[in-house]
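**Q** Need the 3D shape of this:
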Amino acid sequence: MPLRAHALILAAVQGRRFGGGKLHALYRGRPLLSYVLDVVGVARTRGLLDGGHVVVAAGDERALTLARAYGLDAVINDAPELGLSHSVRLGLAELEAGTIDETGAALVFLGDQPLVRIEVVEALVAKGGSIVRPRYQARPDAPGHPVLLARSIWARALQLEGDRGFGALLDSSSPEVVTLDVTGDNPGVDTGADLNALEGFRDPRLVCDQ
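**A** Reported below is the predicted structural model:
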C-alpha cells in the first residue's frame, strides 16, 4: 500500500540576512514561495501527497493568500523568532490533530527553495522510512530538503527547540535517518546574493517550466 504523506511547508521565516520579505522576493517574476507551492500542488495531483499545510508568520497576508490560492491550510506562527523548530512543532501538532491515522508521514519543505523538484518528492515518498532526506549531487555535504518524517517521529519532533534542534533530529549518524542520493541541487535563498546566483541557474525539470 502506498505511503500516505502530507506536505508541511515552512514559510514563517524572518529573513533577516535577506533584509526581510524573503519568501515574496521575485524569482523569474514570481515569489519564491510560489515555486514550492507549485511542486506540492503537482504532488497532490499525482497522488503523492494527500494534503498540505503552510506555516506562515502572523500578519503575513501575502503568504496566507498564496496558501489559500493553492488550496492549502495555513498554520499561524505568532513567534517566528523562536526558530525553525517552532514552525515544525506548530505544523506537526496541527497535522497530528487534523489528519487521519492513515497519514503515515509529513514531507517537510522549506519555503525558500524554489528549485525543489517533483521527482525528488516522488523518490522520498516511494522510499519511506522513519526519516528520509535527499542528498543532492551538487552539494553532498549539505543537508537536503524536503525531509520525510514518519508519523512515529512526530512526538519527538514536538520536543525540538530553536533552529539547531531540527538539525539534531536529522543527524545523519542516527540509524533512523536514511539518505537518498539524487541528482542536481536545491539551494536555499538566505541573502540577496543567493537569489542573484539562482538567476543564472537553468533546470529544465522545474515544474514551472514544464
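**Q** I'd like to know which elements the longest strand along the chain is packed against.
**A** Identified as the longest strand of the chain according to DSSP state E is strand 49-57. Packing contacts for strand 49-57, counted by 3 or more CB pairs under 8 Å, 6 or more residues apart in numbering; DSSP states H and E, involve strand 5-11, helix 32-45, helix 61-69, strand 73-77, helix 84-98. To be clear about C-beta, it is placed using only N, CA and C from the backbone, and glycine gets the same treatment.
**Q** in its sheet, what does it sit against?
**A** Strand pairing for strand 49-57, using DSSP bridges, gives strand 5-11 (parallel), strand 73-77 (parallel).
**Q** Would you mind listing the buried residues in the last one?
**A** The neighbour-count check on strand 73-77 (16 or more other CB atoms under 10 Å) flags 74, 75, 77 as buried.
**Q** Excluding sequence neighbours, find me the nearest residue to the last one.
**A** What sits nearest to residue 77 in space, not counting adjacent residues and going by CB to CB, 6 or more residues apart in numbering, is residue 12, at 3.8 Å.
**Q** Surely residue 116 touches residue 186?
**A** Yes. Counting by CB atoms under 8 Å, residue 116 does reach residue 186; the two are 5.4 Å apart.
**Q** what about residue 64, how many neighbours?
**A** Residue 64 has 17 neighbouring residues, counting by other CB atoms under 10 Å.
**Q** Quick check: bridge partners of the spatially most central residue of the chain?
**A** Nearest to the centroid of the C-alpha atoms of the chain, with distances taken as CA atoms, centre = their mean, sits residue 109, at 0.5 Å. Beta bridges link residue 109 to residue 9 when assigned by DSSP bridges.
**Q** so what's it up against?
**A** Residue 109 is in contact with 7, 8, 9, 10, 36, 39, 40, 116, 145, 146, counting by CB atoms under 8 Å, 6 or more residues apart in numbering.
**Q** pull the helix or strand with minimum mean pLDDT from the chain.
**A** helix 162-169 (a mean of 66; mean pLDDT, DSSP states H and E).
**Q** Next, the contact list for residue 149, please.
**A** Neighbouring residues of residue 149 by CB under 8 Å, 6+ apart: 92, 105, 106, 107, 108, 130, 131, 157.
**Q** dump the residue contacts of the fifth one.
**A** In this case it means residue 108. 8, 10, 88, 91, 145, 146, 147, 148, 149.
**Q** Likewise for the first one?
**A** The contact partners of residue 92, by CB under 8 Å, 6+ apart, come to 8, 106, 149, 154, 157, 158.
**Q** So what's the residue count around the spatially closest residue to it that is not a sequence neighbour?
**A** Nearest residue to residue 92, sequence neighbours excluded (CB to CB, 6+ apart): residue 154, at 4.9 Å. Residues lying near residue 154 (other CB under 10 Å) number 18.
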